[in-house]
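Visitor: sequence plus predicted model, see below.
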Amino acid sequence: MSTFLSDRRARVASALNLGDALLLVGAGEPIPLPERTDQTYPFRADAEYFYLAVQECPGGVVAFDPRDGEREGWVSFVPDVTEGERIWEGRQQPPGVSLATLKPWLAARRGRPIAALGAPLPDVQPDAGQTDRARALFHHVRRPKDATELALLRRTAAATAAGFVKLRDALRPGITERALQIELEAEFFRHGATRPGYGSIIGTGPNSAILHFPPGDRVVRDGDFVLVDAGAEIDRYMTDVTRTYVAGQPSAFQRDLYQIVLAAAKHAISRCVPGAEWREVHLAAAVEMTAGLVAMGVMRGRPESLVEQDAHTLFFPHGLGHLVGLGVRDGSGQLPGRPKSARPGLATLRLDLPLAPGYVVTVEPGLYFIPALLNDPARRERFRDCVNWPLAEQHLHLGGVRIEDNIAVTTGEPENLTAAIPKTL
Ligand code: GLY
Ligand code: MN
Ligand code: MN
């Protein structure tokens, strides 16, 4: 087994501190398509399994017995590949011991509590308390990315950068969102991507205010905002990048909005240092962007007070970012033992913890004109005096701006892994 995997497993064993409990981590099974054929959705092993096995193996199980030692106690059980799988899918027998030997392995350890992570396992009775505790600790120990993970993230960032350059070259009035998607994703593949990390988001004109807009056949018009949120994936690791452009000449209003978001992004990135509380980084960006909207005449009042009232959520309705890596929200959530904030303006945060070296976090401030928020009577009443409503209404179809980079927290300066992707309107 490679040294990095042995080191990784030993780090996990030490962090989980299982006592006498056993650990089982399931890969999961392919999920059939709802069409009653033998077709399945593309198989992706559960991320907890993948982290410990570093292979896609339907039905695989990684097991660990702490009595056998932090390095020696691990076993990778894999199903015996069938003739049908060899013929239809070209599957090869993956490394590991036969899954048929999991039963005797467990029988030899009868009576010991089991923490079961990954996908649920048939015929196993896990201990709920041990499982919850192990899952929380495992989630936390996976947060700092190791050297192997960082190397993969750098490769995905390079493939992502190539895709964005290609899309930017193709962007002009008259092109469709779908044609932009084709340019972007084909270039990801040409640069080594194994797939797009998630459904690419390409929203043009008013669609740029829909946070997760799937590209369609809309034709780009002169003066449209074009928001692209996408990333290449390589061997299950992905980057998550957003750039916003204007097709043709931007208006003064579009430029001002863009500059506010860009400045907030730069300042937030510089705050990604060990010990920084993510919610404070988020709130500082919220105050800064609110001050920008006040200067533009869109909002009214003192920026700090507007943010205390959550008025900024009319235009910045999501959190500043999340952790990313083995999945688009890899390792996000709260610090172990910290409850989710009850403050409504912080409820949308996907992350609430102090940053630490090795974390890779997205920084993605955005400002949008979202009709579903700005036309809501309850919000209009509550924030009556906080917004220049006639001006906001004039821009209801403008869309929005988001700028997103992926930042590695280090013991020194933050490292922007996606800095090579130009941030010009
Ligand atoms: N790519 C989705 C997001 O940024 O949340
Ligand atoms: Mn994104
Ligand atoms: Mn993101």
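Guide: Okay, I see it. Numbers count the residues shown, from 1 in each chain. Ligands and ions are numbered 1, 2, ... in the order given.
Visitor: in the stretch 251-400 of the chain, which spans are strands?
Guide: All strands of the stretch 251-400 of the chain, identified by DSSP state E, counting those that start in this stretch, fall at 333-334, 351-352, 360-363, 366-368, 400-402.
Visitor: tabulate the ones you listed (TSV), appending distance to residue 14 and mean pLDDT.
Guide: Just so you know, the C-beta spots here come from the backbone N, C-alpha and C atoms, and that holds for glycine as well. Output for those, formatted as TSV (distance: least, C-beta to C-beta, whole Å; pLDDT from 0 to 100):
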stretch	distance to residue 14	mean pLDDT
strand 333-334	21	92
strand 351-352	25	96
strand 360-363	22	98
strand 366-368	39	98
strand 400-402	39	98
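Visitor: now render those as CSV, adding mean neighbour count and distance to residue 184.
Guide: Formatted as CSV, the strands of the stretch 251-400 of the chain follow (neighbours: other C-beta atoms under 10 Å; distance: least, C-beta to C-beta, whole Å):
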stretch, mean neighbour count, distance to residue 184
strand 333-334, 18, 30
strand 351-352, 21, 27
strand 360-363, 26, 18
strand 366-368, 26, 19
strand 400-402, 25, 16
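Visitor: make TSV from those strands and add distance to ligand 2 to it.
Guide: TSV is the format used below for the strands of the stretch 251-400 of the chain (distance: least, C-beta to the ion, whole Å):
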stretch	distance to ligand 2
strand 333-334	17
strand 351-352	14
strand 360-363	6
strand 366-368	10
strand 400-402	8
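Visitor: between these, which gets nearest to residue 182?
Guide: If you check each of these against residue 182 by C-beta to C-beta, strand 400-402 wins as the nearest, at 21.8 Å.
Visitor: note down every partner strand of the helix or strand in which residue 75 is found and its orientation.
Guide: In the assignment (DSSP states H and E), residue 75 maps to strand 74-78. Partners of strand 74-78 in the sheet, by DSSP bridges, are strand 61-64 (antiparallel), strand 97-98 (parallel).
Visitor: hey, which of the ones you listed is tucked in deepest?
Guide: Neighbour counts averaged per stretch over those are highest for strand 61-64, at a mean of 23; criterion: mean count of other C-beta atoms under 10 Å.
Visitor: average pLDDT for that one, rounded please.
Guide: In this model, strand 61-64 has an average pLDDT of 98.
Visitor: so which residues on the chain come close to ligand 3?
Guide: Residues of the chain found near ligand 3 (C-beta under 5 Å from the ion) are 240, 362.
Visitor: write out the residues of this protein neighbouring ligand 1.
Guide: Residues of the chain found near ligand 1 (C-beta under 6 Å from any ligand atom) are 198, 229, 240, 328, 364, 404.
Visitor: I figured the last one hits residue 361, correct?
Guide: No: shown here, residue 404 and residue 361 do not form a contact pair, counting by C-beta atoms under 8 Å, at 10.7 Å.
Visitor: could you name every residue contacting both of these two?
Guide: Residues touching both residue 404 and residue 361 (C-beta atoms under 8 Å, 6 or more residues apart in numbering) are residue 321.
Visitor: number of nearby residues for whichever residue of the stretch 51-200 of the chain sits closest to ligand 2?
Guide: Ligand 2 sits closest to residue 198 of the stretch 51-200 of the chain, with a gap of 7.8 Å, by C-beta to the ion. Residue 198 has 16 neighbours, counted by other C-beta atoms under 10 Å.
Visitor: quick one on the thing from earlier: point out the least confident one among the residues of the chain next to ligand 1.
Guide: Across the residues of the chain next to ligand 1, no position has a lower pLDDT than residue 328, which has 95.
Visitor: center of the protein, which residue is that?
Guide: By C-alpha atoms, centre = their mean, the chain has its centre lying nearest to residue 328, at 2.3 Å.
Visitor: need the helices for the protein, in chain order.
Guide: Assigned by DSSP state H, the chain shows helices spanning 3-16, 47-53, 83-89, 102-107, 128-141, 147-170, 177-190, 252-270, 278-296, 303-308, 371-374, 377-382, 389-394.
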